[in-house]
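Chemist: Predicted model and sequence follow; I will ask about them next.
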Amino acid sequence: MINKFLSIILIFVAISCASIAEAAQIGYVVSAEPWGVTSNQTALNTAFGTGNWNQLTYSTPWSTMQTYDVLIIDGGNGQTTNFINFVNTNRGSLETFVSNGGVLFLNAGRWYDSSNFNLGFNATLIYGPSWSSQAVNPNHTVCVSPNGVAGSSWTGNYFAHDYVTGTGIQSIIVGANGQAVFGEKTWGAGRVFFGGMTSDYFHSPQPQARYLRANIYDYVAAAFSPPPTNTAPVVNAGQDQVTEQANSGGTQVTLDGSGSSDADQDPLTYTWTGSFGSVTGVNPSIDLPLGISNITLVVNDGTVDSTSDSVTITVQDTTAPSITVSNVTVEQTDASGTTVNLSASVSDICDANPTVTNNAPVVFPLGDTTVTWTATDASGNSASASQTVTVVDTTAPSLSIVPSTTTLWPPNHKYVTVSVGITVSY
């Protein structure tokens, strides 16, 4: 029962590691196989499957190498000089690669080089051969899965030529001196692994040593965490709006992109475009003229733009002009009628010069006359007002009396006929 349970666990771990490794782009960097044996390639094929990793060389441009998710770099035996030159040239780039989420395995069982070497990452490769080695934790993944049970102790001629020291390095396998011949360290968003091991061709027991190297490669690749797939944001420019024009210059309207969303919960930026140019923000305020305006919104989640969405905003003028008149009373000036100068006060919130008409006669008769004024703005809205024009006659008639003679002298005691002419004017 226990053996079946352990088998299920091992199978599950193997499937999990393999699926992670297969999702990663893996590059194996050597210019020739260390010690002239192909055991590293065999372990890579065991761990990832033939064709699921790529052979690179120390002359491969870094611009190509950095496109991989996992880099396994071996500087053993005749590759020592290439390894040292490569690391010296690209030390900063390697640190950036891991810091940005990449996974790196620097393994070098150097040949005829006993100097301490700066691997970067605050780690130093130090010469110190080990015939024997053991796992710090016998139940570690590299000891038990996924390519076979590798055991927890090994020997070799040599198992390792070098060991690694440095702050933050977690030892997984240590050599005879208790120092890490295989260890790991978190660096930024990624993971870096260090080793001083020779080829498993020189290790025993077999096949456990072969399982160990394949398990190590699998464990290294499983440290890669693919970045989450980004889902494009969904844009929503809000409901169409109809609003009343506020003044002749236009109307301030508030846009609403709050209905936009992002499945990844990334913060969004909002870009609105229209006849006004462009503005940003989830609820910007803009001035729009009278009429229909089509405004487009695109949101961005920091990685990709959404599709576009449009909102139609109609600025309408349904407000009639304001017209004010006053009644007028004038004195009649002529029997045929009186000319009267009339005026009205007219204003409109949108139209600076609305059309004004009235039905006033050319001359007004005596009495009351109603005059109707109408003001019409550019949108066709109109308003009317009535004005009473009163023509009154408060002037008395003019009476002119002219006698035929104005002198009765000298007196002669006789009657004189005098005629009188009377003229009346209004």
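Modeler: That came through fine.
Chemist: I'd like to know how many residues surround residue 113.
Modeler: 17 (other C-beta atoms under 10 Å). Just so you know, the C-beta spots here come from the backbone N, C-alpha and C atoms, and that holds for glycine as well.
Chemist: Could you do the one 10 residues further on as well?
Modeler: One way to gauge burial is a neighbour count; for residue 123, by other C-beta under 10 Å, it gives 21.
Chemist: who are the neighbours in contact with it?
Modeler: By C-beta atoms under 8 Å, 6 or more residues apart in numbering, residue 123 lies in contact with 164-166, 169, 185, 192, 194.
Chemist: what does residue 160 give?
Modeler: Counting by C-beta under 8 Å, 6+ apart, residue 160 has contacts 109, 128-130, 133, 175, 181, 195-198.
Chemist: buried stuff in the one helix or strand it maps to?
Modeler: Applying DSSP states H and E as the criterion places residue 160 in strand 153-166. Neighbour counts over strand 153-166 (16 or more other C-beta atoms under 10 Å) mark 154-156, 158-166 as buried.
Chemist: which of the residues you listed sit farthest apart?
Modeler: Spanning the widest gap among those are 155 and 166, at 25.8 Å by C-beta to C-beta.
Chemist: Serialize the contacts of residue 123 to CSV and add fields for pLDDT and distance to residue 34.
Modeler: What follows is these, written out as CSV (pLDDT from 0 to 100; distance: C-beta to C-beta, whole Å):
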residue, pLDDT, distance to residue 34
164, 98, 17
165, 98, 22
166, 97, 23
169, 98, 22
185, 98, 23
192, 98, 20
194, 98, 16
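Chemist: that older thread, between the contacts of residue 160, which is nearest residue 346?
Modeler: When those are ranked by distance to residue 346 (C-beta to C-beta), residue 195 comes first, at 92.5 Å.
Chemist: Test my guess that that closest one contacts residue 110.
Modeler: No. Using C-beta atoms under 8 Å, residue 195 is not in contact with residue 110, being 11.4 Å away.
Chemist: what two of the contacts of residue 123 have the greatest distance between them?
Modeler: Going by C-beta to C-beta, the pair spanning the contacts of residue 123 furthest: 165 and 192, at 14.2 Å.
Chemist: Now for residue 270: which residues touch it?
Modeler: Contact partners of residue 270, counting by C-beta under 8 Å, 6+ apart, are 257, 260, 280-282, 284, 297-299.
Chemist: when you check those against the strands, which ones overlap?
Modeler: Members of the contacts of residue 270 lying in strands (criterion: DSSP state E): 280, 297-299.
Chemist: okay, now the domains of this structure?
Modeler: 2-222, 241-316, 322-392 (automatic domain parsing).
Chemist: Could you identify which of the ones you listed is most buried?
Modeler: domain 2-222 (a mean of 19; mean count of other C-beta atoms under 10 Å).
Chemist: and the contacts of residue 160, which two are the farthest apart?
Modeler: Across those, the two lying at the largest distance from each other (C-beta to C-beta) are 129 and 195, at 13.9 Å.
Chemist: returning to what we had before: now, among the contacts of residue 270, which is nearest to residue 251?
Modeler: residue 284 (14.5 Å).
Chemist: hang on, that closest one packs against residue 255?
Modeler: Yes. Applying C-beta under 8 Å, one finds residue 284 in contact with residue 255, separated by 5.5 Å.
Chemist: Show me the common contact partners of those two, please.
Modeler: With contacts taken as C-beta under 8 Å, 6+ apart, residue 284 and residue 255 have residue 272 as neighbours in common.
Chemist: Do a quick rundown of the strands in the stretch 251-400 of the chain.
Modeler: 251-254, 269-274, 277-280, 285-288, 291-300, 309-316, 322-324, 328-331, 345-347, 355-358, 367-376, 382-392, 398-403 (DSSP state E, counting those that start in this stretch).
Chemist: now for the ones you listed, which one comes closest to residue 147?
Modeler: strand 291-300 (44.2 Å).
Chemist: hmm, back to that, got TSV for the strands of the stretch 251-400 of the chain, with distance to residue 138 and mean pLDDT too?
Modeler: Putting the strands of the stretch 251-400 of the chain into TSV (distance: least, C-beta to C-beta, whole Å; pLDDT from 0 to 100) gives the following:
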stretch	distance to residue 138	mean pLDDT
strand 251-254	67	95
strand 269-274	52	98
strand 277-280	59	96
strand 285-288	68	95
strand 291-300	51	97
strand 309-316	60	96
strand 322-324	94	96
strand 328-331	114	96
strand 345-347	94	96
strand 355-358	99	97
strand 367-376	97	97
strand 382-392	96	97
strand 398-403	140	82
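Chemist: who wins for proximity to residue 76 among these?
Modeler: Smallest distance to residue 76 across these (C-beta to C-beta): 47.8 Å, for strand 291-300.
Chemist: now the angle from that closest one to strand 309-316?
Modeler: 150 degrees (axes from the mean of the first three to the mean of the last three C-alpha atoms, to 10 degrees).
Chemist: which helices and strands sit right next to strand 291-300?
Modeler: In terms of contacts (3 or more C-beta pairs under 8 Å, 6 or more residues apart in numbering; DSSP states H and E), strand 291-300 is packed against strand 269-274, strand 309-316.
Chemist: Just give the nearest non-adjacent residue to the most centrally placed residue in the chain, would you?
Modeler: Closest residue to the average C-alpha location of the chain: residue 300 at 2.7 Å, with C-alpha atoms, centre = their mean. Spatially, and ignoring its direct neighbours in sequence, residue 300 is nearest to residue 269 (4.9 Å; C-beta to C-beta, 6 or more residues apart in numbering).
Chemist: List the contacts of the one you found.
Modeler: By C-beta under 8 Å, 6+ apart, the contact set of residue 269 is 280, 299-300, 302.
Chemist: Could you identify the helix or strand that succeeds the helix or strand containing residue 43?
Modeler: For residue 43, the host element (DSSP H and E) is helix 39-48. Using DSSP H and E, the helix or strand that follows helix 39-48 towards the C-terminus is strand 54-56.
Chemist: Please identify the pairing partners of that following strand and their relative orientation?
Modeler: Applying DSSP bridges, strand 54-56 is found paired with strand 26-29 (parallel).
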